[in-house]
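Novice: Predicted model and sequence follow; I will ask about them next.
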Amino acid sequence: MGKRKHNQIFVTLLCAVMAAIALPVTANADIGPKESVRIQFENMGDALCYGTLLSERESTGPASVWDGREENARTYEEYPYSNYLVREVWEAFVNYKDPDGYYFLQEGWTVSETKEIAWTYYPPSSFKILLYYPETETFVSSGIYERYAFDTYYTVDMEGVNIGSAEYNEDLSTNERIDVCRSYNSRQEMLSLAARIALTIVIEMIVAVLFGFRKKKQLLILAIINFITQIILNLLLNIINYKSGPLAFTVFYALLEIVVFAVEAGLYCKFLKKVSEKQKNWYYVTYSFVANSVSFGAGFFLAKILPGIF
């Protein structure tokens, strides 16, 4: 492949990256993987049950309390998404009065089917678990809990919960009726880590081919360098997420991505150049920038489709 061909590919990819950066984004656009809260329910009966997380704040990300205007009612009838509730159930949650002042943000799950509440996009930091049994018009609530890690896991044991005794009334939520314990899923996090690394390497290999790096030695060098940098990057981010929370993650994520770009660019100039056609150093630096930008952008997209991985 000639130098002119290389330059055309570079210009095309660079323009695509610049265009993606320049395009206007919504107020909910964000950077990197998203926090999540997952509540697993054990020993839950077969009775139809819906669940939600009540929030200390009136909004988090795109989720917010209903402002009383019909056009802002987020029900399944208007928005047929998996985490929106049918009108009747939505109204029950809207009318629920929490004595601690926690808010229903119009997100809900059919927990009797999934045995899980999985809030994977901007979950509340401080929350209460609230369950609703429509057949008996019964609510069951928890105490106040916090996100303790970037991906927070809790388990609720429903054995012994007397649903029939918890009739809906003003004093309902003053009694904690379900016990909740932390259950961080290390195995799932390791699988997600491996999947993120593999997908990132695949994406960057595709960009490498477009840049003309198609020889076995070239691809081997690229794979080894990406494998090492991605392991270090993701392990550090996972530790930061768990120990220091989302604010530290956001800061370090941006800084570490710059470091990865710089390190990879330097390694490409040193090792990739030896098994490639004679190119200026800027070509390898450009590849590193474009490859990392594309994988970074792909992470945003995949975070919406595969929230459990990204």
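Specialist: Done, it's in.

Novice: what about the residue positioned nearest the centre of the chain, distance to residue 233?
Specialist: With distances taken as C-alpha atoms, centre = their mean, the residue of the chain nearest its centroid is residue 34 (3.2 Å). Distance of residue 34 to residue 233, given as C-beta to C-beta, to the nearest Å: 17 Å. C-beta: built from backbone N, CA, C; applies to glycine.

Novice: now the helices for the stretch 1-150 of the chain?
Specialist: Secondary structure of the stretch 1-150 of the chain by DSSP state H, counting those that start in this stretch: the helices cover 3-22, 87-95, 111-114.

Novice: mind listing the strands for the chain?
Specialist: For the chain, the strands defined by DSSP state E cover 36-42, 50-55, 59-60, 63-64, 116-119, 126-133, 138-146, 151-157, 179-182.

Novice: Select from those the stretch with the lowest mean pLDDT.
Specialist: Comparing mean pLDDT across these, the weakest is strand 179-182, with a mean of 61.

Novice: Ends of stretch 120-129, what's the gap?
Specialist: Start-to-end span of stretch 120-129 (C-alpha to C-alpha, to the nearest Å) is 15 Å.

Novice: Flag every buried residue along that stretch.
Specialist: Within stretch 120-129, the residues scored as buried using 16 or more other C-beta atoms under 10 Å are 120-125, 127-129.

Novice: circling back to that earlier point, minimum distance to residue 108: which of the strands of the chain has it?
Specialist: With C-beta to C-beta as the criterion, residue 108 lies closest to strand 50-55 of the strands of the chain, at 4.5 Å.

Novice: Give me the residues contacting the closest one.
Specialist: 37, 39, 41, 63, 85, 89, 93, 98, 102-105, 107-112, 117, 119, 123-124, 126-132, 134 (C-beta atoms under 8 Å, 6 or more residues apart in numbering).

Novice: Could you give me the PyMOL syntax to select whichever of the residues you listed are buried?
Specialist: A single PyMOL command selects the buried members of those (16+ other C-beta under 10 Å):
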select buried, resi 37+39+41+63+85+89+93+98+102+103+104+105+107+108+109+110+111+112+117+119+123+124+127+128+129+130+131+132
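
Novice: thinking again about what came up before, now the residue nearest to the centre of the chain, nearest residue through space, not along the chain?
Specialist: Sequence neighbours aside, residue 121 is the residue nearest to residue 34 in space, at 5.3 Å (criterion: C-beta to C-beta, 6 or more residues apart in numbering).

Novice: The one you found contacts residue 37, correct?
Specialist: No. Residue 121 lies out of contact with residue 37 (C-beta atoms under 8 Å); the separation is 10.4 Å.

Novice: which outside residues touch stretch 217-232?
Specialist: Residues beyond stretch 217-232 that count as contacts (C-beta under 8 Å, 6+ apart) turn out to be 196-197, 200-201, 204-205, 208, 213, 260, 263-264, 267-268, 271-272, 275-276.

Novice: Can you flag the buried ones in these?
Specialist: Here, 16+ other C-beta under 10 Å leaves 196-197, 200-201, 204-205, 208, 213, 260, 263-264, 267-268, 271-272, 276 buried among these.

Novice: Quick check: the farthest pair among the residues you listed?
Specialist: Counting by C-beta to C-beta, the most remote pair of these is 196 and 276, 27.6 Å apart.

Novice: For the chain, give me the ranges with low pLDDT.
Specialist: Within the chain, the stretches with pLDDT under 70 are 1-33, 82, 160-186, 188-189, 241-247, 250, 299-300, 302-310.

Novice: Which helix runs longest in it?
Specialist: When secondary structure is assigned using DSSP state H, the longest helix within the chain turns out to be helix 216-270.

Novice: how distant is that one from the center of its chain?
Specialist: From the chain centre to the centre of helix 216-270 is a distance of 19 Å (C-alpha atoms, centre = their mean, to the nearest Å).

Novice: This completes my enquiry, with thanks.
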